[in-house]
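Participant: sequence unknown, structure follows:
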């Protein structure tokens, strides 16, 4: 699996891409939760759920269907916190879906495990992407802060953080320029 840090960074980087307007900083915590929540499936180990089971680690909670359900639930849960237009709800749903779906995709880029149940519940196979540049992240805080954990994080920074960070900055810059141009047009 990719590290929780990288899953969280993905939510931060995707916010400017998916947000329909500035001022949506409140959605980033929801995106971070959506991007990290699929790994809650490790709780199943305590209840006898095996790794390769439907509800096992990297199974159903890493699927696109789960990401869709989580996004819909997130929009419903946040509907009264901040008033949203129907278009704003749609963008929030897109953002939460991308955050949750990115978890399975990032894990499918790792070099270990039994694969990811991206298409569950419709198809129970587990998949890896053809490109697997990310070493599997150590599990547990103590194990993460080791030389190996540092190597994993450095790889994730190069493969995930830099491209997604650049994409997020590109969208922030473009949005700021568009806003400035609109203000200039309105003042004329």
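Facilitator: Right, received. Where do you want to start? All of these numbers come straight from a predicted model, not from anything done at the bench.
Participant: What are the buried residues along the lowest-mean-pLDDT helix or strand in the chain?
Facilitator: The helix or strand of the chain with the poorest confidence is helix 141-144; it has a mean of 81 (mean pLDDT, DSSP states H and E). By neighbour count with 16 or more other C-beta atoms under 10 Å, helix 141-144 contains the buried residues residue 144. (Glycine included, C-beta is placed from N, CA and C.)
Participant: what's whichever helix or strand comes after it packed up against?
Facilitator: The helix or strand immediately downstream of helix 141-144 is helix 147-156, counting by DSSP states H and E. Packing partners of helix 147-156 (3 or more C-beta pairs under 8 Å, 6 or more residues apart in numbering; DSSP states H and E): helix 4-18.
Participant: From the contact counts, what lies against the helix it packs on?
Facilitator: Judged by 3+ C-beta pairs under 8 Å, 6+ apart, helix 4-18 is in contact with helix 27-36, helix 86-107, helix 147-156, helix 162-187.
Participant: Return the distance of that helix from the chain's centre.
Facilitator: 6 Å (C-alpha atoms, centre = their mean, to the nearest Å).
Participant: what angle sits between it and helix 86-107?
Facilitator: 150 degrees (axes from the mean of the first three to the mean of the last three C-alpha atoms, to 10 degrees).
Participant: Not counting helix 4-18 itself, show me its contacts.
Facilitator: 24-25, 27-28, 31-32, 34-36, 39, 91, 94-95, 98-99, 102-103, 106, 137, 153, 156, 160-161, 164-165, 167-169, 171-172, 175 (C-beta atoms under 8 Å, 6 or more residues apart in numbering).
Participant: which among these end up buried?
Facilitator: 24, 27-28, 31-32, 34-36, 39, 91, 94-95, 98-99, 102-103, 106, 137, 153, 156, 160-161, 164, 168, 171, 175.
Participant: mind listing what the closest residue to residue 44 other than its chain neighbours touches?
Facilitator: Among residues not flanking residue 44 along the chain, residue 55 sits closest, at 5.5 Å (C-beta to C-beta, 6 or more residues apart in numbering). Applying C-beta under 8 Å, 6+ apart, we find residue 55 in contact with 41, 44, 49, 61.
Participant: Closest to residue 181 out of those?
Facilitator: Lowest distance from residue 181 to these (C-beta to C-beta) belongs to residue 61, with 42.6 Å.
Participant: The closest one against residue 34, yeah?
Facilitator: No. Counting by C-beta atoms under 8 Å, residue 61 does not reach residue 34; the two are 11.3 Å apart.
Participant: hmm, back to that, may I ask which of the contacts of residue 55 has the most neighbours?
Facilitator: residue 61 (23 neighbours; other C-beta atoms under 10 Å).
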